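Student: Here is the input, now give the coordinates:
(one chain, ligands or ions: 1)
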Amino acid sequence: MRIRVGHLYPEYLNIYADRGNIAVLARRAALRGHELEVTGISVDEEVRPGEQDLLYIGGGQDREQALIAPDLVSKGPGIAAAVADGAAVLAVCGGYQLLGRGYLGRHGDSMPGVGLFPHETVAGERRMIGDVLLECELEPGERRTIAGFENHAGRTRLDPGAVPLGLVVAGFGNDGDSGYEGVRVGRALGTYLHGPLLPRNPWLADWLLSQALAHATGGEPPELEPLPDRLEAEAHRVSAQRARDRGGRF
Ligand code: GLN
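Tutor: You can find the predicted model right below:
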């Protein structure tokens, strides 16, 4: 199968090598005989529902976020329609913030958001930096961990009843005190975790690929053939241990 990925603002939002996530998706798709076709979607280009199986947006500094925020808002209806049509989304840090209702940046810039995710973000004084470990359950009964790295000034508050991506075992997460990290709306995931995220959490890469394949085929998310993942498991273990060594949540 061909899996079509729309990469939003690759030249603006790529802090901590967030585009490494795309490399992981491409390789893991290829090892199962699928081809990832990646299209950059930048300023003045439209998101059209049905054209992408997965949308990806990375993180950035407040400056880059402020540059693209108004354009991203104009893509909002296209993004919402794509998600309603069953496309998967992975949004990291700055991109995660701007897919919510908005972000009030460190220097007082008020950036409008797309409103896909039920949250708002306001920057605080102290940056929240370090290794993070989460526990999550994207499929009922399948508990998994996600390990990563966060560096953000924004505190993201989820609306009551919103579903976080995971619960913080170690690290700050969305706001440093709710114990929540990220958000999930159907097949759309948002998270603060960089690093990039997917090389050390291969199960999450496969979950996204399988959701994207479901969109591509119009069927159910397929079971993907397992891969050896020895190095990936080791990367996950080291990263999770570093987070645990921070000692406690805050
Ligand atoms: N500029 C945002 C913040 O500081 C996002 C940072 C990021 O993408 N790492 O909260």
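Student: Pick out the residue of this structure closest to the ligand.
Tutor: residue 59 (2.6 Å; Cβ to the nearest ligand atom). The way it works is simple: take the backbone N, C-alpha and C, and place the C-beta from them, glycine included.
Student: distance of that residue from residue 148?
Tutor: As defined by Cβ to Cβ, to the nearest Å, residue 59 lies at a distance of 11 Å from residue 148.
Student: before we move on, what about residue 139?
Tutor: 20 Å.
Student: With neighbour numbers in mind, choose between these two.
Tutor: Set residue 139 next to residue 148 and count neighbours by other Cβ atoms under 10 Å: residue 148 wins out with 28 against 10.
Student: Correct me if wrong: that one contacts residue 193.
Tutor: Yes. If you go by Cβ atoms under 8 Å, residue 148 and residue 193 touch, sitting 3.0 Å apart.
Student: Overlap of the contact sets of the two?
Tutor: Common contacts of residue 148 and residue 193 (Cβ atoms under 8 Å, 6 or more residues apart in numbering): 132, 134.
Student: where does the residue of the chain closest to the ligand land in three-state SS?
Tutor: When classified by DSSP: H, G, I helix; E, B strand; the rest coil, residue 59 comes out as coil.
Student: what about it, neighbour count?
Tutor: That count, for residue 59 with other Cβ under 10 Å as the rule, works out to 27.
Student: Excluding chain neighbours, what is closest to it?
Tutor: residue 93 (3.0 Å; Cβ to Cβ, 6 or more residues apart in numbering).
Student: same deal with residue 167?
Tutor: residue 135 (5.1 Å).
Student: cool, residue 203 as well?
Tutor: Counting by Cβ to Cβ, 6+ apart, residue 203 lies nearest to residue 144, which is 5.8 Å off, once chain neighbours are set aside.
Student: So that neighbour belongs to a helix, correct?
Tutor: No. Per three-state DSSP, residue 144 lies outside any helix segment and is strand.
Student: Enumerate the beta-bridge partners assigned to it.
Tutor: Note on residue 144: beta-bridge partners by DSSP bridges are residue 136.
Student: before we move on, back to that, shared neighbours of residue 59 and residue 148, which are they?
Tutor: Listed as contacting both residue 59 and residue 148 by Cβ under 8 Å, 6+ apart are residue 194.
Student: List phi and psi for the residue nearest to residue 59.
Tutor: Per-residue torsions, residue 93: phi 50, psi -100 (degrees, to the nearest 10).
Student: What segments of the protein are helices?
Tutor: Along the chain, the stretches classed as helices by DSSP state H are 20-30, 62-84, 94-98, 202-217, 230-245.
Student: Show me the shaky parts of the chain.
Tutor: 247-250 (pLDDT under 70).
Student: Burial check on residue 245, number of neighbours?
Tutor: Neighbours around residue 245, by other Cβ under 10 Å: 9.
Student: Next: residue 135.
Tutor: A total of 13 residues lie near residue 135 under the criterion other Cβ under 10 Å.
Student: Check residue 75 too.
Tutor: Residue 75 has 23 nearby residues by other Cβ under 10 Å.
Student: what does residue 120 give?
Tutor: Residues lying near residue 120 (other Cβ under 10 Å) number 18.
Student: Please report phi then psi for the residue nearest to it when sequence neighbours are not counted.
Tutor: Closest residue in space to residue 120, ignoring its immediate chain neighbours: residue 101 at 5.0 Å, by Cβ to Cβ, 6+ apart. For residue 101, the backbone dihedrals (degrees, to the nearest 10) come out as phi -80, psi -20.
Student: All further residue positions should be reported with the first residue as 44.
Tutor: Sure thing, new numbering starts at 44, so read that last one as residue 144.
Student: For residue 144, list the residues it contacts.
Tutor: Going by Cβ under 8 Å, 6+ apart, residue 144 touches 156, 158, 161, 162, 163.
Student: how about the residues of the chain that lie near the ligand?
Tutor: 58, 102-105, 108, 136-137, 166, 194-197 (Cβ under 6 Å from any ligand atom).
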